[in-house]
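**Q** curious how this folds, go ahead:
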Amino acid sequence: MGTISVAQVDPRVTSFLEKPRKMLINGSWVDAVSGKTFPTYDPSTGEVLATVAEGDRADIDLAVKAARNAFDTGPWRKMSASERGRLIWKLADLIEAHAEEFAYLESLDNGKPLTVARAADVPLAVDLFRYMAGWTTKLEGNTIPLSVPYTPGAKYFSYTLREPVGVVGQIIPWNFPLLMAAWKLGPALASGCTVVLKPAEQTPLSALRLGELIIEAGFPEGVVNVVPGYGETAGAALAAHDGVDKIAFTG
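**A** Down below sits the predicted model:
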């Protein structure tokens with residue numbers, strides 16, 4: 001089986017790889033606070049594909065603060081469930097429109113066959129976001145029968161109410177970069193949470209391209225933040241941050 005060179009891919013992919021990739025914090029593409037970058041490689045050739053901003057504790061702190069502000073005071077909190085669903089569905093449409101681009105990015109950055117990325121990774125990510133878009137209006141509580149003894153004349157009403165937990169820190173592995181991002185982002189966004197996503201340092205490119213589409217889809221600033229970096233620095237800082245309400249981790 002032959003390998004794919006950067007010169008052979010979609011011109012949109014070549015253009016994406018030529019620019020140093022920044023991190024997404026509060027709706028803007030920014031350099032790391034430290035100014036550091038790291039290379040990401042084509043595992044089949046050892047060729048450097050792109051240079052990526054290297055996030056660490058300082059960048060994670062900025063991203064968590066952005067996610068917290070977006071959750072506590074931003075327009076995301078005031079959106080109806082159906083409005084959130086429409087944004088998630090639009091994101092799925094955008095991924096589908098750029099399916100070939102994502103397939104090449106997955107193949108180059110991860111090393112998997114292009115045919116697999118085309119047939120599985122990208123369409124499954126699209127399907128997942130559409131599935132979760134439908135769930136935005138299906139998350140509801142229950143009225144619960146009480147087990148307390150009956151008291152003549154007394155009235156009781158008991159119920160559960162499902163609410164978003166807040167800021168979710170998400171750390172994903174290298175084996176299914178786009179699909180793992182979808183599995184993490186979809187449920188969190190459907191329930192109304194905000195996110196700081198740390199992609200695997202070996203395969204950050206599809207998550208960064210996804211961040212561009214999240215902006216294009218119209219998600220409010222700070223709802224999704226993408227901070228590439230190493231597990232022992234950026235990942236550890238995210239997992240330990242006291243501003244994060246929930247961690248979603250696949251190692």
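
**Q** show the contacting residues for I247.
**A** For I247, the contact set (CB atoms under 8 Å, 6 or more residues apart in numbering) comprises 168-171, 238-239. For every residue, glycine as well, the C-beta is placed using N, CA and C.

**Q** now do stretch 104-117: distance from first to last residue.
**A** End-to-end distance of stretch 104-117: 8 Å, with CA to CA, to the nearest Å as the criterion.

**Q** who's in contact with that stretch?
**A** By CB under 8 Å, 6+ apart, stretch 104-117 touches 1, 4, 6, 9-10, 13, 16-17, 40, 42-44, 49, 102-103, 121-122, 174-175, 177-178, 202-206, 209.

**Q** among these, name the ones in strands.
**A** Counting by DSSP state E, the contacts of stretch 104-117 place 40, 49 in strands.

**Q** which of the contacts of stretch 104-117 count as buried?
**A** The neighbour count (16 or more other CB atoms under 10 Å) marks 4, 6, 9, 13, 16-17, 40, 42-44, 49, 102-103, 121-122, 174, 177-178, 203-206, 209 as buried among these.

**Q** out of these, list just those in helices.
**A** Per DSSP state H, helices hold the following members of the buried ones among the contacts of stretch 104-117: 13, 16-17, 102-103, 122, 177-178, 205-206, 209.

**Q** is G85 located within a strand, as I assumed?
**A** No: the assignment for G85 (DSSP: H, G, I helix; E, B strand; the rest coil) gives helix, which keeps it out of a strand.

**Q** wait, it sits on K138?
**A** No: G85 is not in contact with K138 according to CB atoms under 8 Å; the separation is 9.6 Å.

**Q** more neighbours: those two, which one.
**A** Using other CB atoms under 10 Å as the criterion, G85 and K138 rank with G85 on top: 21 against 9.

**Q** for this structure, identify the residue most remote from the centre.
**A** Going by CA atoms, centre = their mean, the residue of the chain most distant from its centre is P152, 53.0 Å out.

**Q** now do the strands in this protein.
**A** 23-25, 28-30, 37-41, 48-53, 167-171, 194-198, 224-226, 246-249.

**Q** who does the longest one touch, helix- and strand-wise?
**A** Which is strand 48-53. Judged by 3 or more CB pairs under 8 Å, 6 or more residues apart in numbering; DSSP states H and E, strand 48-53 is in contact with helix 11-18, strand 37-41, helix 205-217.
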